[in-house]
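[1] Model the structure of this input:
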Amino acid sequence: MDYIPRTDQHGRWLSLTGNPPNGQAVLITGAAGMGASSELDHAAAVARGNGHDVIRLRAAGHEPLEQRVVRAVTEQLDSLQQGQRGLRGGRRRMKKLRRTMDDLLVNKAKVRSGADVGTSRSLPVWFGFGRGREQYVQRPETTLSDLADCLNDLATARGTTTSLMVDDLHAASDKDLSSINELSRHSSDTDRFQFVGAGRTEVTSRLMSAGQQRTGITTDITRHYDIRQCQPVADEVLQFSLAQQLARSGVVLHPDASRQLLAEANGSPQRLHELQQSAMAQAQPIMVGGTVQGHRVDPSSAQAAIARVRKVKEPFYQAAWQQAPAAERELLAAVAGRGQRGLPQSGPRGKSGPPGQSGAQELSSGSPWTTVDAAQQKLTQAGWLRQSDGGRLRFADPAMQAWVDDHLGGGPQQPAPPERPPQQVQATMPGPVTPLTGPDRAGRGERTVAGAGRGPDIERAHGRGGRHRAERS
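    Numbering: from 1, shown residues only. Sure, this is the predicted structure:
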């Protein structure tokens, strides 16, 4: 799908070409499906087109970020070395880069009882001996900032720029995010090195907490990052892009079919691309004089394309529903029950509550507002729910809403209030006891006690002062 130029919530261009980062590290965020990765791909394509060196990778929680960066740089070694040929000091700079990459993978060597210091080239700057305890050989620690300096030297010698672009930052560990914070601060001091990261919306708060865990001070990310948030794309922009791409393929788009596809996309470029591919497969031929003169997408073709995409995504929705906690499933059911109206942020009866409390609070089975708020934040960041300008929660993916309706049997059933236990009195005395029940017991002024062990003196159950003895069987 072609790149769609768009702006953020402040009216600034998201692309690096239309809005230069001004020396700061760039952080592109957005909910799932909002096109943060597409913006990063576009930035990489533009940088490569300008002759810059681009190192592209994805973060992952199961592997340290340093290893992934070193692997990505290794894949670009031939290109980097080719650019240093014929330049003064090129071999020295490449040798320094390789040595930095080796040291980045092994910063600490663990030895036992101080007897073996390993076979590393580096000499220890501190060494401690102890009896029966594991010791560490501590060397000057090599970080991603040192690697950034090497890449900056290579780019300065060539007169270009080296960009390190990391996607899926929300999947990185806290330690990796702390390293990203240090790298972003250091990149502002370099002339030819640029860091660009992309991830879901929660990566912003995670970067702040990672800085607090590492140094005890919350990182002011607005000083070190140029944050650009991807918002839902307007239907007019998506409609122009859709019609243009179909026209290049010789497909005519009916206006009603366009409205159906745009409503299903709901502002997501990723979903629009999936719908476009499905619509092209469902396009009907245009017959003129017995020959095919192109294809067209009419409303029936658009409906078939939407049904096809929904069918493909059903296993994904099923897995997401099963893995979601009970509070998230309950909130999804509550929002689906409101249909197109959405769920208000405050209770529909005007109830007031702590900040973040939504209308789902009164629909939940005794869930505290903090649990509902956490579920709302997680579902919004994952791209399932979206908060409108009017403060209502709606499904971001209409296909997911349709699946929830079908899964719940035509709409979510509000949880029934817990049944009140039958009024009874149980004696805490040896031997079997017949409980005191009866529809007219309370009408005669008798006080009932529910639960074993709560009424030690059963003879006080009569409200008129009389004495009532339990019948023994």
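
[2] what about residue 264, is that helix, strand or coil?
    With DSSP: H, G, I helix; E, B strand; the rest coil as the basis, residue 264 sits in helix.

[3] residues contacting it?
    271, 275, 306, 309, 398-399 (C-beta atoms under 8 Å, 6 or more residues apart in numbering). In this view, the C-beta of every residue, glycine as well, is placed from N, C-alpha and C.

[4] Selecting buried members of those in PyMOL, what would you type?
    With 16 or more other C-beta atoms under 10 Å as the criterion, this PyMOL line picks the buried residues out of those:
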select buried, resi 271+275+306+309+398+399
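
[5] max-length helix in the chain?
    helix 299-323 (DSSP state H).

[6] Just the residues contacting that helix, thanks.
    Against helix 299-323 from outside (C-beta under 8 Å, 6+ apart): 254, 256-258, 260-261, 264, 271, 274-275, 278-279, 281-284, 297, 329, 332, 384, 399-400, 402-404, 407.

[7] and if we set it to 6 Å?
    Contacting residues not belonging to helix 299-323 are listed as 256-257, 260-261, 264, 274-275, 278-279, 282-284, 399-400, 403 [C-beta atoms under 6 Å, 6 or more residues apart in numbering].

[8] Return the member of those residues nearest to residue 42.
    Closest to residue 42 out of these is residue 274 (18.7 Å), distances taken as C-beta to C-beta.

[9] does the closest one sit in a helix, a strand or a coil?
    From three-state DSSP, the assignment for residue 274 is helix.

[10] List the contacts of it.
    residue 309 are the contacts of residue 274 under C-beta under 6 Å, 6+ apart.

[11] any idea how far it is from residue 33?
    10 Å (C-beta to C-beta, to the nearest Å).

[12] Strands of the stretch 151-300 of the chain, residue ranges please.
    162-167, 193-199, 225-230, 251-253, 284-288, 291-297 (DSSP state E, counting those that start in this stretch).

[13] For stretch 273-289, give the mean pLDDT please.
    Across stretch 273-289, pLDDT averages out at 91.

[14] Export that stretch to CSV, keeping only CA atoms.
    Provided in CSV are the C-alpha atoms of stretch 273-289 (Å, rounded to 0.1, in the frame of the first residue of the first chain):
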residue,chain,number,x,y,z
HIS,A,273,-4.9,-2.3,2.9
GLU,A,274,-6.3,-5.7,3.8
LEU,A,275,-9.8,-4.7,2.6
GLN,A,276,-8.3,-3.3,-0.6
GLN,A,277,-6.6,-6.6,-1.4
SER,A,278,-9.8,-8.5,-0.7
ALA,A,279,-11.9,-6.1,-2.8
MET,A,280,-9.6,-6.5,-5.8
ALA,A,281,-10.0,-10.3,-5.5
GLN,A,282,-13.8,-9.8,-5.4
ALA,A,283,-14.0,-7.3,-8.3
GLN,A,284,-16.5,-8.0,-11.0
PRO,A,285,-15.5,-7.7,-14.7
ILE,A,286,-17.0,-4.9,-16.8
MET,A,287,-18.3,-6.4,-20.1
VAL,A,288,-18.5,-4.2,-23.2
GLY,A,289,-19.4,-5.9,-26.4
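
[15] circling back: just the contacts of residue 264 now: which is nearest residue 325?
    residue 399 (21.8 Å).

[16] what helices or strands is the one helix or strand the closest one maps to leaning on?
    Assessed by DSSP states H and E, residue 399 sits inside helix 398-407. When contacts are defined as 3 or more C-beta pairs under 6 Å, 6 or more residues apart in numbering; DSSP states H and E, helix 398-407 sits against helix 299-323, helix 326-337.

[17] rank those by pLDDT, which is bottom?
    Of all these, helix 326-337 has the smallest average pLDDT, which comes to a mean of 92.

[18] Name the residues of it that are buried.
    Applying 16+ other C-beta under 10 Å to helix 326-337 flags 327-337 as buried.

[19] do stretch 88-107 as well
    90, 93-94, 96-97, 100-101, 103-104.

[20] Filter those down to the ones in helices?
    Short answer: these in helices (DSSP H) are 90, 93-94, 96-97, 100-101, 103-104.

[21] What is the nearest of those to residue 5?
    Taking these together and measuring to residue 5 by C-beta to C-beta, the closest member is residue 97, at 35.6 Å.

[22] In this protein, what helix or strand scores lowest on average pLDDT?
    In the chain, no helix or strand scores lower on mean pLDDT, DSSP states H and E than strand 108-112, which sits at a mean of 36.

[23] hang on, the earlier thing: out of the helices and strands packed on helix 398-407, which gets nearest to residue 236?
    Going by C-beta to C-beta, the one of the helices and strands packed on helix 398-407 nearest residue 236 is helix 299-323, 18.1 Å.

[24] Reformat the strands of the stretch 151-300 of the chain as a markdown table; add mean neighbour count and distance to residue 68.
    Below are the strands of the stretch 151-300 of the chain laid out as a markdown table (neighbours: other C-beta atoms under 10 Å; distance: least, C-beta to C-beta, whole Å):
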| stretch | mean neighbour count | distance to residue 68 |
| --- | --- | --- |
| strand 162-167 | 23 | 8 |
| strand 193-199 | 26 | 13 |
| strand 225-230 | 21 | 20 |
| strand 251-253 | 20 | 40 |
| strand 284-288 | 12 | 47 |
| strand 291-297 | 15 | 42 |
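
[25] Nearest to residue 380, out of those strands?
    strand 225-230 (12.7 Å).

[26] Please state the offset of that closest one from the chain centre?
    Relative to the chain's own centre, strand 225-230 is displaced by 15 Å; criterion: C-alpha atoms, centre = their mean, to the nearest Å.

[27] That one pairs with which strands?
    strand 25-30 (parallel) (DSSP bridges).

[28] Could you point out the helix or strand that follows the strand it pairs with?
    helix 36-49.

[29] And that following helix, what's buried?
    Quick answer for helix 36-49 (16+ other C-beta under 10 Å): 36-44, 46-47.

[30] so that helix versus strand 162-167, what angle?
    160 degrees (axes from the mean of the first three to the mean of the last three C-alpha atoms, to 10 degrees).

[31] which one of the buried residues of helix 36-49 sits closest to residue 393?
    Out of the buried residues of helix 36-49, the member with the shortest distance to residue 393 (by C-beta to C-beta) is residue 36, at 21.6 Å.

[32] That closest one and residue 230 touch, don't they?
    Yes - applying C-beta atoms under 6 Å, one finds residue 36 in contact with residue 230, separated by 5.2 Å.

[33] Between these two, which contacts overlap?
    residue 30.

[34] got any ranges where the stretch 301-450 of the chain has weak pLDDT?
    345-367, 410-450 (pLDDT under 70).

[35] follow-up on the earlier one: now tabulate the buried residues of helix 36-49 in a markdown table and tack on distance to residue 206.
    What follows is the buried residues of helix 36-49, written out as a markdown table (distance: C-beta to C-beta, whole Å):
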| residue | distance to residue 206 |
| --- | --- |
| 36 | 15 |
| 37 | 18 |
| 38 | 22 |
| 39 | 19 |
| 40 | 18 |
| 41 | 23 |
| 42 | 24 |
| 43 | 22 |
| 44 | 23 |
| 46 | 28 |
| 47 | 26 |
